[in-house]
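Novice: Could you look at this predicted model? Sequence included:
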Amino acid sequence: MQLEFHQLDRRWEHLRVHHPARQRRLLASLADVGQQTPIVVVEVEGQADRYVVIDGFKRIAALEQLGRDTVEAVVWPMNEVAAVLLDRSLRLSEHETALEVGWLLVKLEQRFGYGLDELARRFDRSVSWVSRRLALVEVLPETIQQQVREGKILAQVALKFLVPVARQSLEDCQRMAAIFAQYHCETREAGQLYAAWRKGSPAVRKRILHDPELFFKTQRQAEKAPPGTGAELLRDLEMVVAIVNRAQRRLAGAAAAELDDQQSKAARHQIDRIQKQLHRIDEELLPEKQPHVEPSATDHDSGTKHAGSEQTRDRAGDGDLPRGGAQGSALQLDRPAGTTPAGEGRALPATDPGAFRPVQGEPRASP
């Protein structure tokens, strides 16, 4: 049936989020081929020739832009609430955010006086589910909700980032919402700014919100820089952890009981391979061992104390000592008879330059 626009009651229109790009495509389609799908309405009780619009608000707006006076409609033979809930169930293919559900719940609560129990029953959800979504609408300022309805701020952005900010600071929430609207932030960009705000000190938060252009510029420059080897390695290891966690979750279910002996053996073999590979990576990440000599504060032959710092400077580390051949023999011959390895800690006389040559790894003739 054909209905004129003045016959339509659009009381549910504010529950829908406006998407400018979709609206432009719809406008072009209606201008090209005309209206193909009728809007959905129900009769207003006690008012002749008045109809409540259930679905088709965007089509009505586009037809008005095109200068039309009428719209094709279909009347559902049911009451208003039943029609609204049925329409919602038929639109499940469209992603509906928790904020949009909250708007619908508030409308049903205010217009029809439904309590939490009745709303939970009609939505086939728990009372807690209903309560959480009502709380989202209560905590977010109405001015920001209107920006979401107008499509200036994405509903998902408002839900994920503005709601938690509003719980901490309404002033910061208002400022952040203005930034999201001004810069047309997608979810990724909004998430970057929110993450920086959450981690920052009060002074950092103030700078971010008062100079968002500098923040976004810094983010763009950081994204252009190619990731270093270290960053790539960390990302790879994070992926390994995620995969292992997923395997553990599967094993925690019935997966272990479903494996036969051959599959279980193959799984253990793969786990052994993974452990060996991770062990190799761990060994490569270990810092190289630096030569170290423990200072000896006591001369065991004479009881005379010597400065350990001087010994450390004059002696080579274990890794620099000669291991065999002529050099090794020269070093052994240079020890006085009866001297134990502990005696190597004794200070050498400055007047005997030859005594330093074996320590530096140079061979010398036996006495």
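Specialist: That came through, no problem. It should be emphasised that the depicted structure is a prediction, and the values quoted were computed from it without experimental measurement.
Novice: Does residue 86 touch residue 78 like I think?
Specialist: Yes. Counting by C-beta atoms under 8 Å, residue 86 touches residue 78, with 7.3 Å between them. Every residue, glycine included, has its C-beta placed from N, CA and C.
Novice: got the contact list for residue 177?
Specialist: Shown in contact with residue 177 (C-beta atoms under 8 Å, 6 or more residues apart in numbering): 143-144, 147, 153, 158, 162.
Novice: what's the average pLDDT for the one helix or strand it maps to?
Specialist: In this assignment (DSSP states H and E), residue 177 forms part of helix 170-182. The average pLDDT within helix 170-182 is 97.
Novice: Can you list the buried residues in that helix?
Specialist: Buried residues in helix 170-182, defined by neighbour count with 16 or more other C-beta atoms under 10 Å: 172-181.
Novice: In PDB, could you pull the C-alpha coordinates for that helix?
Specialist: Extracted C-alpha coordinates of helix 170-182, given in PDB (Å, rounded to 0.1, in the frame of the first residue of the first chain):
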ATOM      1  CA  LEU A 170      33.400  12.800  31.900                       C
ATOM      2  CA  GLU A 171      35.600  15.800  30.800                       C
ATOM      3  CA  ASP A 172      38.100  13.600  29.100                       C
ATOM      4  CA  CYS A 173      35.300  11.500  27.600                       C
ATOM      5  CA  GLN A 174      33.800  14.600  26.000                       C
ATOM      6  CA  ARG A 175      37.100  15.800  24.700                       C
ATOM      7  CA  MET A 176      38.000  12.400  23.300                       C
ATOM      8  CA  ALA A 177      34.600  12.100  21.600                       C
ATOM      9  CA  ALA A 178      35.200  15.500  19.900                       C
ATOM     10  CA  ILE A 179      38.600  14.200  18.600                       C
ATOM     11  CA  PHE A 180      37.000  11.000  17.300                       C
ATOM     12  CA  ALA A 181      34.300  13.000  15.500                       C
ATOM     13  CA  GLN A 182      36.700  15.700  14.100                       C
END
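Novice: What's the first helix or strand after that helix?
Specialist: Next element after helix 170-182 (DSSP H and E): helix 187-199.
Novice: on contacts alone, who are the packing partners of that following helix?
Specialist: Using 3 or more C-beta pairs under 8 Å, 6 or more residues apart in numbering; DSSP states H and E, the elements in contact with helix 187-199 are helix 155-157, helix 163-168, helix 170-182, helix 202-210, helix 212-224.
Novice: Quick one: those helices as TSV, columns for distance to residue 121 too.
Specialist: What follows is the helices and strands packed on helix 187-199, written out as TSV (distance: least, C-beta to C-beta, whole Å):
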stretch	distance to residue 121
helix 155-157	26
helix 163-168	26
helix 170-182	33
helix 202-210	43
helix 212-224	45
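Novice: for the ones you listed, which one sits closest to residue 15?
Specialist: helix 155-157 (11.4 Å; C-beta to C-beta).
Novice: Give me the distance from the closest one to the chain's centre.
Specialist: Computed by C-alpha atoms, centre = their mean, to the nearest Å, the separation of helix 155-157 from the middle of its chain amounts to 16 Å.
Novice: Run a quick neighbour tally on residue 130.
Specialist: 24 (other C-beta atoms under 10 Å).
Novice: The buried residues of helix 170-182: which two are farthest apart?
Specialist: Spatial extent of these (C-beta to C-beta) is set by the pair 172 and 181 at 15.0 Å.
Novice: And the contacts of residue 177, which of them are buried?
Specialist: Using 16+ other C-beta under 10 Å as the burial test, the contacts of residue 177 include 144, 147, 153, 158, 162 as buried.
Novice: correct me, but the third one touches residue 182?
Specialist: No. Counting by C-beta under 8 Å, residue 153 does not reach residue 182; the two are 10.2 Å apart.
Novice: then stretch 216-230 to PDB, C-alphas only?
Specialist: Taking Å, rounded to 0.1, in the frame of the first residue of the first chain, the C-alpha atoms of stretch 216-230 are listed here in PDB:
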ATOM      1  CA  PHE A 216      48.300  11.000  15.200                       C
ATOM      2  CA  LYS A 217      51.300  12.300  13.300                       C
ATOM      3  CA  THR A 218      53.700  10.500  15.500                       C
ATOM      4  CA  GLN A 219      51.700   7.300  15.100                       C
ATOM      5  CA  ARG A 220      51.800   7.600  11.300                       C
ATOM      6  CA  GLN A 221      55.600   8.100  11.300                       C
ATOM      7  CA  ALA A 222      56.000   5.100  13.600                       C
ATOM      8  CA  GLU A 223      53.900   2.900  11.300                       C
ATOM      9  CA  LYS A 224      56.000   3.900   8.200                       C
ATOM     10  CA  ALA A 225      59.300   2.800   9.900                       C
ATOM     11  CA  PRO A 226      60.100  -0.800   9.000                       C
ATOM     12  CA  PRO A 227      60.100  -3.100  12.100                       C
ATOM     13  CA  GLY A 228      63.400  -4.200  13.300                       C
ATOM     14  CA  THR A 229      64.600  -7.800  13.700                       C
ATOM     15  CA  GLY A 230      63.900  -7.600  17.400                       C
END
